[in-house]
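>>> No letters, just coordinates:
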Ligand SMILES: NC(=O)C1=CN([C@@H]2O[C@H](COP(=O)(O)OP(=O)(O)OC[C@H]3O[C@@H](n4cnc5c(N)ncnc54)[C@H](O)[C@@H]3O)[C@@H](O)[C@H]2O)[C@@H](O)CC1
Ligand SMILES: [K+]
């Protein structure tokens with residue numbers, strides 16, 4: 001049983017491909033899955049009675065195998081099914097279960113509920129009586145564990161096809177799936193752990209790994225650690241937050257055109273001028289936090305786009321940007337839109353959150369950080385990182401400014417890529433929020449960054 005950080009994420013179709021490519025026959029995979037599920041249930045169920053709910057497909061098959069293994073281990077276990085099994089594999093698994101099978105509507109609750117109704121094959125919402133039984137049994141259970149996925153969620157989009165009571169633990173088979181990470185499904189999974197069933201997971205998507213930051217090299221100097229320029233605008237507090245966050249990572253932070261002096265003294269300030277960005281030592285420019293919507297803001301964005309620098313484009317600048325302008329630039333750009341800004345930038349891009357982020361990155365040539373409780377980072381290559389943890393206290397003014405500054409500082413650093421910089425920034429941002437704790441304000445995030453950076457190994 002493994003935590004999901006850094007693991008490859010597979011869609012339902014990619015899972016089937018991986019299963020076929022594994023060289024292991026399907027029955028053996030189901031036996032492995034069922035045995036591994038039973039082992040977890042045995043360990044954490046404390047010997048209490050288990051009720052296994054089995055659906056008609058192979059998710060139900062896993063349920064029958066797990067029930068048989070639990071029974072063999074001496075755990076009291078009952079099985080309730082939705083219908084007879086409909087796949088050969090599930091029929092085989094059903095045949096291996098020596099006990100009775102009750103109809104779900106008649107099943108009485110048990111302290112441990114194992115949900116093996118539907119997995120990656122769910123194609124529509126559950127019938128209403130089944131939803132009612134599931135809720136009634138779950139309310140009376142002490143512990144609900146979902147096999148592969150909570151029954152009712154769409155594997156690839158994380159959409160909720162029917163109401164689900166929520167599991168305490170979801171045991172993902174072989175690999176995490178998008179629904180384990182995307183809203184609205186993700187919180188209904190509870191803790192997600194992966195059970196290894198011997199398949200090699202390959203795809204361009206993975207769970208955001210724990211950031212891995214190195215301390216500065218022994219011979220580092222402030223410029224070799226990275227110089228980041230933050231362009232200020234109409235709301236100076238926003239760029240001040242971005243600069244303060246950047247200063248925790250970069251060797252040198254230049255704040256350009258800011259009207260505030262309430263800043264750490266370590267941040268160097270310069271007036272805005274047409275040539276303010278003509279400094280070859282600048283490794284990345286952050287533009288957007290508090291920039292404003294006016295002509296001056298437009299001129300600043302134009303100057304940033306015309307420069308050779310790597311860019312982080314956030315907030316107000318995303319309202320002024322034509323993403324097509326990024327295509328001709330040689331240096332990387334990172335866009336950090338929330339859903340509203342994304343819809344403004346890419347009005348024609350549709351699909352699941354993963355599809356949208358990936359398409360936008362491919363079309364614009366920029367790395368796209370599509371922010372939210374289920375932040376996704378997509379690179380123009382098609383690579384995608386899905387954030388696994390979220391701290392709801394991050395929904396506060398200035399939080400995005402801190403993320404933008406942090407992203408710029410990491411992008412300005414040595415030996416990095418836009419995808420790596422954005423990934424580390426998102427991880428550090430959440431970790432800082434976790435450390436800052438309840439009732440945080442954005443300023444607290446900048447103060448918590450040293451501890452978050454230490455957690456990332458630096
Ligand atoms: N792919 C793999 O590598 C492995 C898959 N296994 C299991 O197999 C599962 C996928 O099995 P299946 O593809 O059979 O799919 P499911 O078991 O998720 O269910 C599909 C069946 O339910 C029907 N169905 C879909 N939605 C329904 C609804 N709302 N109401 C009633 N019937 C509905 C479908 O027509 C199909 O017959 C995985 O989630 C996992 O649990 C494991 O056995 C191990 C290996
Ligand atoms: K399930």
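Structure's in. What do you need? Remember, it's a predicted structure, so these values are computed and weren't measured experimentally. Ligands and ions are numbered 1, 2, ... in the order given.
>>> excluding its backbone neighbours, what's nearest residue 158?
Once flanking residues are discounted, residue 158 sits nearest to residue 182: 2.9 Å by C-beta to C-beta, 6 or more residues apart in numbering. Any C-beta I mention is one placed from the backbone N, CA and C, and that applies to glycine too.
>>> which SS state does that neighbour fall under?
When classified by DSSP: H, G, I helix; E, B strand; the rest coil, residue 182 comes out as coil.
>>> where's it relative to residue 62, distance?
Separation of residue 182 from residue 62 (C-beta to C-beta, to the nearest Å) stands at 23 Å.
>>> Tell me how many other residues surround the residue in the stretch 201-350 of the chain that ligand 1 sits nearest to.
The stretch 201-350 of the chain approaches ligand 1 most closely through residue 201 (10.1 Å), counting by C-beta to the nearest ligand atom. Neighbour count of residue 201, defined by other C-beta atoms under 10 Å: 18.
>>> go on, residue 228?
32.
>>> Touching, it and residue 408? I think so.
Yes: at 4.6 Å, residue 228 counts as touching residue 408 under the criterion of C-beta atoms under 8 Å.
>>> can you list residues touching both of the two?
Shared contacts of residue 228 and residue 408, defined by C-beta atoms under 8 Å, 6 or more residues apart in numbering, are found at 246, 250, 284-286.
>>> what's the closest of those to residue 447?
Nearest to residue 447 among these is residue 246, at 14.1 Å by C-beta to C-beta.
>>> Can you verify my assumption that the closest one contacts residue 255?
No: the pair residue 246 / residue 255 is not scored as a contact, 9.0 Å apart, by C-beta under 8 Å.
>>> Among the two, which residue is more densely surrounded?
Each of residue 246 and residue 255 has its neighbours counted (other C-beta under 10 Å); residue 246 has more, 34 against 26.
>>> The more buried one should be in a helix, yeah?
Yes: counting by three-state DSSP, one finds residue 246 located in a helix.
>>> And it, how far from residue 317?
In terms of C-beta to C-beta, residue 246 sits 16 Å off from residue 317.
>>> One more: residue 366?
12 Å.
>>> Could you identify the most distant pair in the shared contacts of residue 228 and residue 408?
Within the shared contacts of residue 228 and residue 408, 250 and 285 form the most distant pair, 11.9 Å apart (C-beta to C-beta).
>>> what sits in contact with each of the two?
The contact lists of residue 250 and residue 285 share 228, 408, where a contact means C-beta under 8 Å, 6+ apart.
>>> Surely residue 86 touches residue 59?
No: using C-beta under 8 Å as the test, residue 86 is too far from residue 59 to be in contact (11.4 Å).
>>> which one of these two has more residues nearby?
Neighbours were counted for residue 86 and for residue 59 using other C-beta under 10 Å; residue 59 has more, 28 against 14.
>>> residues from this structure in reach of ligand 1?
Contact residues (C-beta under 6 Å from any ligand atom) of the chain with ligand 1: 15-16, 19, 29-30, 33, 55-62, 86-87, 118-126, 147-148, 173-174, 197, 199.
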